[in-house]
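Student: Got a sequence here, can you build the structure:
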Amino acid sequence: MKQKWLYKFTANKTETKTETKKAKDADGKEVTETISETVEKPVTIAIAKPRRRLYEDADLFYGVKLSEGIKAGLLTRHLIAKRYDNDGGLFSNEEREEYATLILLKNQKIREYQLAAIDEDEKEKAKETKLKLLKDLTLIEREIHDFEEERSSLFDKTADVRAENQLVMWWVFSLAHSSDKEDPKDEDFEPIFGLGSFDDKLCVYDEFFDEEDDFWLPISKKLAFLASFWHNGSITDGNSFQEVEKLYDDSLKKEAEEENSSETVEEKSPEQEETPKEEEAPKEEEVTKEEETPEEEETPEKEE
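Tutor: Residues are numbered from 1 along each chain as shown. Have a look, this model is predicted:
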């Protein structure tokens, strides 16, 4: 039987477990006690392996969303670039060459990654190579994004970018499954976003977002990150998914550390501002400590 899943990972879901017990009070009467306990329950998240029919549906979905964007008045990336070229160009010659170099470098890294994934002779070396290429791809993607964002926000509002973003979420809604059973079988998994149309599943995602669900919202964001890499052809097997998941988790840890460090700096800054204003404060503290020393020495004598 062919593999049904592209990738699986486990996440701990915090739940409140309530247990009701019967006991006797001081008078010997029977009473009911309710005990609540917070426990972490492992949930298996699985990304389904799409069949050929699903790829056809994806192409149709992208075409429909692209047409919707154009009918709504959005331009395509090609038309925007052409209009700027007619007006003298959005980029200078040097900027155009830099942008083209980034695109070529991205495609080159993707090809190198795909070739490294095929090489099974030296698995350890191939694993290190793929991890390095994934890190390079992440940096290149960030540079391309920053390059476009710095020069024109219009690129983020084109019909094809809108359709591409919605296609990634369409893949997430179509492939994401979960099971809360231990060692689940294929039939134990259920679609995370339910059944129905794209809009129906989008409503489920919106509920996670609006309610700030502390479990399903982070899971949805991670799935979108994995799906975007898979959709672009950057990852093809379980090991690749695992490496990209590690990159995502590491980036979250880094953001959390940066937020904590910035909060620490903000807390310390008022003290740093007050110190130069009260130059005599250290001397006053020293005197106070010297005056308090005899009292501290006398205390044990009183206790004795």
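
Student: residue ranges with poor pLDDT in the stretch 201-304 of the chain?
Tutor: 262-304 (pLDDT under 70).

Student: what are the ranges of the strands in it?
Tutor: Counting by DSSP state E, counting those that start in this stretch, the stretch 201-304 of the chain has no strands at all.

Student: same thing with the stretch 1-150 of the chain?
Tutor: With DSSP E, counting those that start in this stretch as the criterion, the stretch 1-150 of the chain has strands spanning 5-24, 30-48.

Student: other SSEs contacting the longest one?
Tutor: Counting contacts by 3 or more Cβ pairs under 8 Å, 6 or more residues apart in numbering; DSSP states H and E, strand 5-24 packs against strand 30-48, helix 216-231, helix 238-277. For every residue, glycine as well, the C-beta is placed using N, CA and C.

Student: if you set the cut-off to 10 Å instead, what comes out?
Tutor: strand 30-48, helix 159-175, strand 176-179, helix 216-231, helix 238-277 (3 or more Cβ pairs under 10 Å, 6 or more residues apart in numbering; DSSP states H and E).

Student: I'd like to know which of these lies nearest to Val64.
Tutor: helix 159-175 (8.4 Å; Cβ to Cβ).

Student: just to revisit the earlier point, closest one to Leu133 among the helices and strands packed on strand 5-24?
Tutor: Closest among those, using Cβ to Cβ: helix 238-277, at 9.5 Å.

Student: Switch the helices and strands packed on strand 5-24 over to JSON lines; also include distance to Tyr99 and mean neighbour count.
Tutor: Shown next, in JSON lines, are those (distance: least, Cβ to Cβ, whole Å; neighbours: other Cβ atoms under 10 Å):
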{"stretch": "strand 30-48", "distance to Tyr99": "32", "mean neighbour count": "13"}
{"stretch": "helix 159-175", "distance to Tyr99": "16", "mean neighbour count": "20"}
{"stretch": "strand 176-179", "distance to Tyr99": "34", "mean neighbour count": "20"}
{"stretch": "helix 216-231", "distance to Tyr99": "20", "mean neighbour count": "19"}
{"stretch": "helix 238-277", "distance to Tyr99": "24", "mean neighbour count": "12"}
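
Student: To Glu98, which of those lies closest?
Tutor: For the helices and strands packed on strand 5-24, distance to Glu98 was read as Cβ to Cβ. The smallest value, 20.4 Å, belongs to helix 159-175.

Student: Appreciated, that's everything.
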